[in-house]
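**Student:** following is a predicted model, sequence given first.
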Amino acid sequence: IASGSARVSAIQKNMEPMITSVEGRALLQHIAEKRSAYATIGAAVLDLKRTGRNAVADQMIDEKFLPAVDAYLHSARQLIGYQQNVSLALARQADAHFQNGSVVMASLSAAALLLGLACAWLISRSISRPLNAAVRVAQRGGGDQGAGHREVQGQRLLSPRGGVDGAERREGDQGMAATH
């Protein structure tokens, strides 16, 4: 009995730091009180049995010890039920956080996709606008200067070095036009 009692005491001591809520601590205190009551009655029953007063001991077991043990076990079940409810509430809360996180991740993914599309559109627009302008200038051309001049003008607008490259080509084209 003493070794079992020591084992239960050790388990109870290990549980104390794990139970942090006021309600849980109150239930744990209630368990300790009920355990103390049944242990006191159990010790009295053992004393009666040792002294040979078996009839009194049996009556005490039926009237006091067994109800004290039931009260102790009931208080332990209350703590177990309370801790299960706390665990379920924490699991629901964790699930809600997970669901919220999923919604946030989906929203951020959609926002990133839209931002990427907007950037792609702006980049393509920044490239296509100068090209369209160059094509319009090339199509308008110089009227009586002929197709060769329009090509050179379009090339000059598309040249990475701007007017220098185009100016060199124009001079070369004019030289060729003079020889023809």
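**Tutor:** Good, I have the coordinates.
**Student:** and the helices in this structure?
**Tutor:** Per DSSP state H, the chain has helices spanning 2-15, 22-50, 54-60, 66-140, 147-158, 163-179. These are given in chain order.
**Student:** so which of these is the most surrounded?
**Tutor:** With neighbours defined by mean count of other Cβ atoms under 10 Å, none of the helices of the chain is more surrounded on average than helix 147-158, at a mean of 17. Every C-beta, even on glycine, is put in place using the N, C-alpha and C of the backbone.
**Student:** any idea of the mean pLDDT for that one?
**Tutor:** Across helix 147-158, the average pLDDT comes to 54.
**Student:** picking up where we left off before, the helices of the chain: lowest mean pLDDT?
**Tutor:** Minimum mean pLDDT among the helices of the chain: helix 163-179, a mean of 47.
**Student:** if I look at Ser36, how far off is Gln93?
**Tutor:** Taken as Cβ to Cβ, to the nearest Å, the spacing of Ser36 relative to Gln93 amounts to 35 Å.
**Student:** what do you get for Gln59?
**Tutor:** Taking Cβ to Cβ as the criterion, Gln59 is separated from Gln93 by 51 Å.
**Student:** same question, Leu28
**Tutor:** Leu28 sits at a distance of 23 Å from Gln93 (criterion: Cβ to Cβ).
**Student:** likewise Gly42?
**Tutor:** Per Cβ to Cβ, Gly42 is found 42 Å from Gln93.
**Student:** likewise Gln84?
**Tutor:** From Gln84 to Gln93 the distance is 15 Å (Cβ to Cβ).
**Student:** could you do Asn54 as well?
**Tutor:** From Asn54 over to Gln93 (counting by Cβ to Cβ), the distance is 55 Å.
**Student:** then Ile41?
**Tutor:** Ile41 is 42 Å from Gln93, by Cβ to Cβ.
**Student:** list the contacts of Tyr82.
**Tutor:** Counting by Cβ atoms under 8 Å, 6 or more residues apart in numbering, Tyr82 touches Glu23, Gly24, Leu27.
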